[in-house]
Each structure stands twice: as structure tokens, then as C-alpha cells.
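Enquirer: All I have is the shape, not the residue letters:
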């Protein structure tokens, strides 16, 4: 799993994209390994379905990229649901820490908080979900300054779990 996550990080950093074929190979490998050596095919499939159900809403509103969701579903193919939840929770904590560091580095915390409040109030007012950050994509500098590569926290979360540190 760590090998596939490391390759996903490299692809994400280099191209901002994780190829679907790569994800498919990782899932097949995870399911095969789970059937032979791990938690079993049924448990791994449940983890993948659980990952999809948890992460799809985040993708739909634009707070998580498709590649990040696919990488987490791939990680689920190697893990039981409980283990997956530990990796996911750890990845979110690490991602929050990275985001905080990015806010400090970019010095745009007030701007980001104002944007979030405006977004939430617009969703409440219109009673309809909108893509978060969609209007920032026209300004690539602004878009990049507000983005982290979530594959990195996922890799760290999996490594910490496999290493027995969490």
C-alpha cells in the first residue's frame, strides 16, 4: 500500500493528477493481497465502499479532489474498515496541520475565513450546494495558494498506522 501511495504522491505533485489506470492496478493489488494475506476480500470491499460513501460528498462540493478520493478508495482495498478510518482520521489531522502551515506561509488566513463564511452563508441562503473554490480557478495563483496535495497526508497517515505509531 505504501508503495502505491508514494507513487500517487509523486504523480500528484508532478501533474496534479493521478491516472485512473494506476488506481485500478492499486485496487486490484490491494484486493488480491487482502484475499491472500490480509483482512479478506469482503472486508476490503467494505472499506472501499465506506471510503466512497464518506468522500463522495466532499468531492461533489469541491472540497476534495477526485484523485484524493480515488487514492483513499485504493487505500481501503488494503484495509479493514476500522484500519481505514484510523488512516483517514490521521490524514485529515495531518492535512489540517499542513493547511494551517499554508495559511501562515501565505498570510491569507483572514481572507480564507471570509471566503468560507461567504460560501456557507450563500449555501444557506440559496439552500443549494455550490462548488467550493470554483471561482478561484480563474486566478491560478490564488487557486494554488489555497491548495494542499492531500495525497501527502494520506501517505503519512498510512505510514504512521503501519508503523504502529497511531
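Expert: Thanks, I have the structure now. All figures in this text were calculated on a predicted structure; none of them were measured in a lab.
Enquirer: Show me what the longest helix along the chain is packed up against.
Expert: Among the elements of type helix in the chain, defined by DSSP state H, the one spanning the most residues is helix 81-106. Helices and strands touching helix 81-106, by 3 or more C-beta pairs under 8 Å, 6 or more residues apart in numbering; DSSP states H and E, are helix 41-60, helix 66-76, helix 151-162. All C-beta atoms are positioned from the backbone trio N, CA, C, and that covers glycine.
Enquirer: What is the subsequent helix or strand relative to it?
Expert: On the C-terminal side of helix 81-106, the closest following helix or strand by DSSP states H and E is helix 109-126.
Enquirer: what's that following helix in contact with?
Expert: 103, 129-130, 132, 146 (C-beta atoms under 8 Å, 6 or more residues apart in numbering).
Enquirer: Next, the buried residues of that helix.
Expert: Residues of helix 109-126 classed as buried under the neighbour-count rule (16 or more other C-beta atoms under 10 Å) are 115, 119.
Enquirer: Could you tell me which residues make contact with residue 87?
Expert: Neighbouring residues of residue 87 by C-beta under 8 Å, 6+ apart: 75, 79, 154, 157-158, 161.
Enquirer: Reformat these as JSON lines; add neighbour count and distance to residue 123.
Expert: Compiled in JSON lines, the contacts of residue 87 are given as follows (neighbours: other C-beta atoms under 10 Å; distance: C-beta to C-beta, whole Å):
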{"residue": "75", "neighbour count": "30", "distance to residue 123": "30"}
{"residue": "79", "neighbour count": "27", "distance to residue 123": "33"}
{"residue": "154", "neighbour count": "26", "distance to residue 123": "27"}
{"residue": "157", "neighbour count": "24", "distance to residue 123": "29"}
{"residue": "158", "neighbour count": "27", "distance to residue 123": "32"}
{"residue": "161", "neighbour count": "20", "distance to residue 123": "34"}
